[in-house]
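Undergrad: Just a sequence and a predicted model for now, questions to come.
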Amino acid sequence: MSYQYRQGSQEYSSRNGSASEGTPILMGGGRVRSYSSTRASSYDPNDLAYRDKRKTRCVVASTITASFLALLLCGKALISPSPLDLPPAVPATAGQETNKHFNPNQNPSEPTSKLVKKLYDNLGRFIVEDFDTKPTFSDFLSGVAGIYGKPMWSFYVNRGQGIASFGVESKDFPFMEFNSANKAYQNTALLGFRTFIQGTRATHSFLSEPFSNTRTRFSVGTLQESILSMLPKRFMYVGHNEMQIRETDLMNKLETNVTYFVLPEEDFGALVRRTTIKNLDSQEPLTISVLDGLARMEPAGGKINGALKNIGRTLEGFMGVYQSRKDSLTMPFYRMSEEPADNASVKIQTRGHYCLAFVEKSSGDNSPLVPIVYDTSKVFGEDTMLLRPIMLGTKSIADIISEPQYGFATTSSAFAAADSITLQPGGSATITSFYGRADDIMDVPSIAQRITATGFVQYKQTRAREIGDQITMGVETKTANDAFNMHVAQMYMDNSLRG
């Protein structure tokens, strides 16, 4: 096995049996270690410490072997596929053909093996069918951003659109208020990421919210088949360093894919969200206007998570949304006027959270940024529960963008507004959003210039997958049981990050 990796002007390589002493070798997760040889003859077999060490190794080896055999024996019984057919696992996003696991000649819906066809897709991602009807579970994205990147933490659950909270450093610095899992299961569908689509076909118009909890397939045993067919089908795909959700809505002939990953190998951190909307009608085009983003976006202002729970309304008096460019809605900067600390000194807040979004282009110059709707009342009106987008029933998204917005002394939203996108039969469009923190408001335009370059997002998503693979390559396992192989890799990833 050989492996090469280039970072800037340095190239590291290793080949089994060919490394010489002092040669730098790239380890899992991008660590570089120097190879050095140790002679076996330096050990004395009569030495007690050496014998104890050998005994310990034998015990560990025996334990691992026994565990391995037990898993193989019971694995088939535990994960035997159900008689139901596996729904197709679509490719995550455009550009994934650059991933080393993706074969462009292979059907993306083809499972990795017959034994685990209900568990994994061909990218090695765990599949959860009808994820929002299953017993609740929660997890964190790996948050691995490479050697030179800035990681972010992301907490997700199997409700709503997945992400329940994310931020930098610790839970004290959230973009979304951090709540424990029991509360996240209740709040995520309303206070987290939301998508609203105003669609127009030749014969009719409609307003749709993908992944809405009002159309979840809960307890379908008593529902008639005709009613069940009107409810969308949903899946979740969990990878080493990404998470995707998918909804197929046959009633509106729409398919919505949302993929999350942490931006790797950049000097600015961000959570990246890619929302792909596809027209499933094979004959009729579709024109859509979309609001896609966060229902509640917290500003930067020091350690605020505890204060959000105890003095949340008081805290809103410090909040504000500023613009990096005058008379523009494309670069909002969410920050407090000062840190709300209980001391005699006043610390002016300069850091802030940004939200940048654009519709991806396949070629040409940089994609233009789309406006951000940060005034929550422009979407939900007086519905303070944020249950229904009342204003979208009477106004178009173009009308909302043209109206003045107010973002001070209140908790704001962060919805990317894409207006009048025409999808041909079978066509799709992808709206990409970056949520991150900048040290100064003047840093945002340079960040926007970089992320909107054609192909930037696709490349970074590929790198995020590769970095996860680099970390787990040291325990790459090849057995007849693919579930066991992937379990080993995921456990190694989890325990490596946990420390």
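TA: Arrived safely.
Undergrad: which residues of the stretch 201-350 of the chain score low on pLDDT?
TA: The model of the stretch 201-350 of the chain has pLDDT under 70 over residues 219-226.
Undergrad: Try it again at 90.
TA: Residue ranges of the stretch 201-350 of the chain with pLDDT under 90: 202-203, 217-230, 240, 325-328, 339-348.
Undergrad: What segments of the stretch 151-300 of the chain are strands?
TA: In the stretch 151-300 of the chain, the strands defined using DSSP state E, counting those that start in this stretch lie at 153-157, 163-167, 193-200, 205-208, 233-238, 243-249, 254-262, 270-279, 286-297.
Undergrad: closest to residue 432 out of these?
TA: Taking CB to CB, strand 270-279 is the member of the strands of the stretch 151-300 of the chain nearest to residue 432, at 5.0 Å. Glycine gets a C-beta too; all of them are placed from N, C-alpha and C.
Undergrad: sorry, back to before: with distance to residue 324 as extra columns, can I get the strands of the stretch 151-300 of the chain in CSV?
TA: Below are those laid out as CSV (distance: least, CB to CB, whole Å):
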stretch, distance to residue 324
strand 153-157, 24
strand 163-167, 21
strand 193-200, 23
strand 205-208, 31
strand 233-238, 34
strand 243-249, 29
strand 254-262, 23
strand 270-279, 15
strand 286-297, 16
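Undergrad: As JSON lines, these with mean neighbour count and distance to residue 183 would be great.
TA: Shown next, in JSON lines, are the strands of the stretch 151-300 of the chain (neighbours: other CB atoms under 10 Å; distance: least, CB to CB, whole Å):
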{"stretch": "strand 153-157", "mean neighbour count": "23", "distance to residue 183": "10"}
{"stretch": "strand 163-167", "mean neighbour count": "25", "distance to residue 183": "9"}
{"stretch": "strand 193-200", "mean neighbour count": "22", "distance to residue 183": "17"}
{"stretch": "strand 205-208", "mean neighbour count": "14", "distance to residue 183": "27"}
{"stretch": "strand 233-238", "mean neighbour count": "21", "distance to residue 183": "20"}
{"stretch": "strand 243-249", "mean neighbour count": "23", "distance to residue 183": "20"}
{"stretch": "strand 254-262", "mean neighbour count": "24", "distance to residue 183": "20"}
{"stretch": "strand 270-279", "mean neighbour count": "23", "distance to residue 183": "20"}
{"stretch": "strand 286-297", "mean neighbour count": "23", "distance to residue 183": "14"}
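Undergrad: To residue 447, which of these lies closest?
TA: strand 270-279 (8.2 Å).
Undergrad: Compute the inter-axis angle for that closest one and strand 163-167.
TA: Calculated by axes from the mean of the first three to the mean of the last three CA atoms, to 10 degrees, strand 270-279 forms an angle of 150 degrees with strand 163-167.
Undergrad: and residue 392, that's in a helix?
TA: Yes - judged by DSSP: H, G, I helix; E, B strand; the rest coil, residue 392 forms part of a helix.
Undergrad: Just want to check the distance between it and residue 303.
TA: Counting by CB to CB, to the nearest Å, the gap from residue 392 to residue 303 is 36 Å.
Undergrad: so who does the residue lying closest to residue 216 once chain neighbours are set aside touch?
TA: Nearest non-adjacent residue to residue 216, counting by CB to CB, 6 or more residues apart in numbering: residue 132, 5.1 Å away. By CB atoms under 8 Å, 6 or more residues apart in numbering, the contact set of residue 132 is 158-160, 211, 213, 216, 234.
Undergrad: all helices in this protein, in order from the N-terminus.
TA: With DSSP state H as the criterion, the chain has helices at 48-79, 181-191, 225-228, 305-310, 312-316, 377-380, 397-402, 444-451, 456-472, 482-498.
Undergrad: Spatially central residue in this structure, please.
TA: Nearest to the mean C-alpha position of the chain, counting by CA atoms, centre = their mean, stands residue 260 at 1.8 Å.
Undergrad: Quick check: closest non-adjacent residue to that residue.
TA: Residue 260's closest residue in space is residue 243 (CB to CB, 6+ apart), at 5.1 Å.
Undergrad: now swap in residue 129 and tell me
TA: Using CB to CB, 6+ apart, the closest residue to residue 129 is residue 235 (5.7 Å).
Undergrad: cool, and residue 347?
TA: Closest residue to residue 347 apart from its sequence neighbours, by CB to CB, 6+ apart: residue 339 at 4.6 Å.
Undergrad: Tally up the residues packed near the one you found, please.
TA: Neighbour count of residue 339, defined by other CB atoms under 10 Å: 18.
Undergrad: which residues sit in contact with residue 292?
TA: With contact taken as CB under 8 Å, 6+ apart, residue 292 is in contact with 193-196, 275, 357, 415-416, 418, 431, 433.
Undergrad: ok, now with 10 Å
TA: Contacts here follow CB atoms under 10 Å, 6 or more residues apart in numbering; on that basis residue 292 touches 161, 193-197, 210, 256, 258, 273, 275, 277, 357, 370, 414-418, 431-433.
Undergrad: one step back: and residue 392 and residue 303? Which one has more around it.
TA: Set residue 392 next to residue 303 and count neighbours by other CB under 10 Å: residue 392 wins out with 22 against 15.
Undergrad: picking up where we left off before, the residue nearest to residue 260 and residue 386: what is the separation?
TA: 23 Å.
Undergrad: Also residue 467?
TA: Computed as CB to CB, the residue 467 to residue 386 distance reads 35 Å.
Undergrad: repeat for residue 457
TA: Distance of residue 457 to residue 386, given as CB to CB: 28 Å.
Undergrad: Could you do residue 143 as well?
TA: In this view, residue 143 and residue 386 are 27 Å apart by CB to CB.
Undergrad: for residue 436, same thing?
TA: In terms of CB to CB, residue 436 sits 24 Å off from residue 386.
Undergrad: who's more crowded, those two?
TA: When neighbours are counted by other CB under 10 Å, residue 436 and residue 386 differ, and residue 436 comes out ahead with 25 against 16.
Undergrad: Can you spell out which residues form a bridge with the more buried one?
TA: Per DSSP bridges, the residues bridged to residue 436 are residue 270, residue 354.
Undergrad: what do you get for residue 333?
TA: Beta-bridge pairing for residue 333 (DSSP bridges): residue 322, residue 354.
Undergrad: who touches it in this structure?
TA: When contacts are counted by CB under 10 Å, 6+ apart, residue 333 touches 299-300, 320-324, 351-355, 438, 440-444.
Undergrad: Kindly write the ChimeraX command that selects the buried subset of those.
TA: Typed into ChimeraX, the line below selects the buried ones among those, using 16 or more other CB atoms under 10 Å:
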select :299,300,320,321,322,323,324,351,352,353,354,355,438,441,443,444
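Undergrad: Any idea how far apart the tips of stretch 142-159 sit?
TA: With CA to CA, to the nearest Å applied, stretch 142-159 spans 19 Å between its terminal residues.
Undergrad: Same question for that stretch: list its buried residues.
TA: Residues of stretch 142-159 classed as buried: 142-146, 149-159 (neighbour count, 16+ other CB under 10 Å).
Undergrad: tally of neighbours for residue 308?
TA: Neighbours around residue 308, by other CB under 10 Å: 16.
Undergrad: got it, and residue 362?
TA: Using other CB under 10 Å: residue 362 sits among 11 other residues.
Undergrad: List the contacts of the closest residue to residue 485 other than its chain neighbours.
TA: In this structure, residue 485 finds its nearest non-sequential neighbour in residue 477, 4.5 Å apart by CB to CB, 6+ apart. Neighbour list for residue 477: 68, 484-489, 492 [criterion: CB under 10 Å, 6+ apart].
Undergrad: Of those, grab the buried ones for PyMOL.
TA: A single PyMOL command suffices to select whichever of those are buried according to 16+ other CB under 10 Å:
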select buried, resi 484+485+486+487+488+489+492
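Undergrad: Dump the contacts of residue 477 to JSON lines, plus distance to residue 330 and pLDDT.
TA: Listed next are the contacts of residue 477 as JSON lines, based on distance: CB to CB, whole Å; pLDDT from 0 to 100:
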{"residue": "68", "distance to residue 330": "54", "pLDDT": "50"}
{"residue": "484", "distance to residue 330": "48", "pLDDT": "91"}
{"residue": "485", "distance to residue 330": "45", "pLDDT": "89"}
{"residue": "486", "distance to residue 330": "41", "pLDDT": "88"}
{"residue": "487", "distance to residue 330": "44", "pLDDT": "88"}
{"residue": "488", "distance to residue 330": "45", "pLDDT": "92"}
{"residue": "489", "distance to residue 330": "40", "pLDDT": "90"}
{"residue": "492", "distance to residue 330": "42", "pLDDT": "90"}
